[in-house]
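> pasting the structure only:
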């Protein structure tokens, strides 16, 4: 009976908060240590996944969130206000990819990799909530370090940045040679 009350308390916390809640805060609220709490939430996740229903619990880094299952999005928007969707341009996707794989990274490092100014794309990604400030570099001027956010993890369906697909070295070499050929073609014009 005690376990059922604890699970109900966790469910109430996740429902009421709406956003992701860190395992530390959940543990403090229910009076358990973080490892026990993490195990309880993972068991609850299994329970949610084993039954048909409109809700699921997802894990985002060291936090958990109660969400509507993706397959019910079309039904949900008929009742709720349709959330504003944004379309990422190729430039924004490129900047986002650099940040996701190199984070934390400064604006200058992004621009060095791309070879062009990336202010507009980076500002849009911050506006969309996919990228945020991850600290400051200990260097002259203390430039902002950027990293991905929980919103990025939610939108791309990964628990942590480490879960992103790895870049294959042979593809990197192929892309480098294509870029060099493209530059050479532009120089020949």
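Yep, that arrived. Keep in mind the model is a prediction, meaning the values are calculated, not measured.
> What is the neighbour count of residue 38?
17 (other C-beta atoms under 10 Å). (Glycine included, C-beta is placed from N, CA and C.)
> my read is it is in a helix, agree?
Yes: with DSSP: H, G, I helix; E, B strand; the rest coil as the criterion, residue 38 is part of a helix.
> I'd guessed it sits against residue 22; true?
No: applying C-beta atoms under 8 Å as the test, residue 38 and residue 22 come out as separate, 10.8 Å apart.
> Specify the residue ranges that define each domain of this structure.
Per automatic domain parsing, the domain ranges recorded for the chain read 2-79, 90-188.
> Of these, which shows the lowest average pLDDT?
Of all these, the minimum mean pLDDT falls on domain 90-188 (a mean of 86).
> what packs against the host helix or strand of residue 135?
Here residue 135 sits within strand 131-136, counting by DSSP states H and E. In terms of contacts (3 or more C-beta pairs under 8 Å, 6 or more residues apart in numbering; DSSP states H and E), strand 131-136 is packed against helix 119-127, strand 144-148.
> roughly how far is that strand from the heart of the chain?
13 Å (C-alpha atoms, centre = their mean, to the nearest Å).
> Equivalent analysis for stretch 18-28, please.
Going by C-alpha atoms, centre = their mean, where stretch 18-28 is centred and where its chain is centred differ by 17 Å.
> Residue for residue, what is the longest helix this protein has?
For the chain, the helix reaching the highest residue count under DSSP state H is reported as helix 169-188.
> Helix or strand: which one has the spatially most central residue of the chain?
With distances taken as C-alpha atoms, centre = their mean, the chain has residue 153 as the residue nearest its mean C-alpha position (1.9 Å). Residue 153 belongs to helix 150-156 when assigned by DSSP H and E.
> same check, this time on residue 91
Judged by DSSP H and E, residue 91 forms part of helix 90-102.
> got the buried residues for that helix?
92, 94, 95, 96, 98, 99, 100 (16 or more other C-beta atoms under 10 Å).
> got it, and stretch 59-67?
Those would be 59, 60, 61, 63, 64, 65, 66, 67, for stretch 59-67 by 16+ other C-beta under 10 Å.
> and stretch 148-161, how far out from the chain's middle?
On C-alpha atoms, centre = their mean, the centre of stretch 148-161 falls 2 Å from the chain's centre.
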